[in-house]
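Student: What follows is a predicted protein model with its sequence.
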Amino acid sequence: MLDWNKYSAIAERFQHKAIAQDREDLKHNIILRLAEVAQNNGDTPLSEPTMYRIASLEVVHYWREHYKLTNGLDCHSCNKAQREKCHKDWLYGDCPKAFKVEYLSKPIADGEGHLTELGELIADDKALDLEAWLDAKVWLLGCPKRLVEIAHKRDKGIALDGKDREYLSQWRKREQVRLL
């Protein structure tokens with residue numbers, strides 16, 4: 001029989017070791033882990049020291065996962081020699097393989113000292129380069145020959161046949177910016 005009250009009491013003793021917003025989650029993880037181990041243990045009940053050890057391991061797993069989420073890696077990504085070096089020189093804060101998570105609202109200073117948010121500097125692959133569109137020579141370099149011929153016909157006032165109108169319509173739809 002599972003002793004949920006005992007699991008909850010043990011979890012409450014360890015939940016303070018997590019970040020305030022994650023304490024209830026850690027408590028529930030500890031309770032569930034204790035129940036899993038007790039269920040897999042068969043008829044033998046878990047001793048109190050065993051329950052404390054399981055709870056402390058859940059705290060370790062919590063912090064590893066937290067480090068992995070905030071830094072992108074954990075120590076299991078490194079080889080044994082690198083882990084020993086980090087342990088010997090206490091390089092955990094300056095992990096050579098970890099990357100720091102940047103926020104899009106982070107201010108970035110340009111060469112003239114003007115501040116801009118990082119999110120403003122990221123290029124949009126679907127955005128049109130208006131300067132390139134205004135420069136007809138640049139646009140014509142990537143334009144199909146048939147489309148150029150259709151443009152010359154329209155410029156000279158020559159009527160387009162059905163296939164030319166359909167081809168032009170397809171290109172217009174393809175290049176049209178959708179509002180919704």
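Tutor: Arrived safely.

Student: how about stretch 6-19: buried residues?
Tutor: Residues of stretch 6-19 classed as buried by neighbour count (16 or more other CB atoms under 10 Å): 6, 7, 10, 11, 14, 15, 17, 18. C-beta coordinates here come from the backbone N, C-alpha and C atoms, glycine included.

Student: Domain ranges for this structure, per the record?
Tutor: Listed by automatic domain parsing, the domain ranges of the chain are 4-71, 78-122, 130-175.

Student: related to what we said a few turns ago, name the nearest of the buried residues of stretch 6-19 relative to residue 89.
Tutor: Using CB to CB, residue 17 comes nearest to residue 89 of the buried residues of stretch 6-19, at 25.5 Å.

Student: Spell out which helix or strand contains the residue nearest to the closest one when sequence neighbours are not counted, please.
Tutor: The shortest distance from residue 17 to any non-neighbouring residue, by CB to CB, 6 or more residues apart in numbering, is to residue 59 (5.0 Å). Assessed by DSSP states H and E, residue 59 sits inside helix 48-71.

Student: Give me the next element, helix or strand, following that helix.
Tutor: With DSSP H and E, the next secondary element past helix 48-71 is helix 80-89.

Student: who does the helix or strand following that following helix touch, helix- and strand-wise?
Tutor: Using DSSP H and E, the next helix or strand after helix 80-89 towards the C-terminus is strand 107-109. Strand 107-109 sits against strand 115-117, with contacts defined as 3 or more CB pairs under 8 Å, 6 or more residues apart in numbering; DSSP states H and E.

Student: Now do the strand it packs on: which elements does it pack against?
Tutor: Checking 3+ CB pairs under 8 Å, 6+ apart, strand 115-117 ends up next to strand 107-109.
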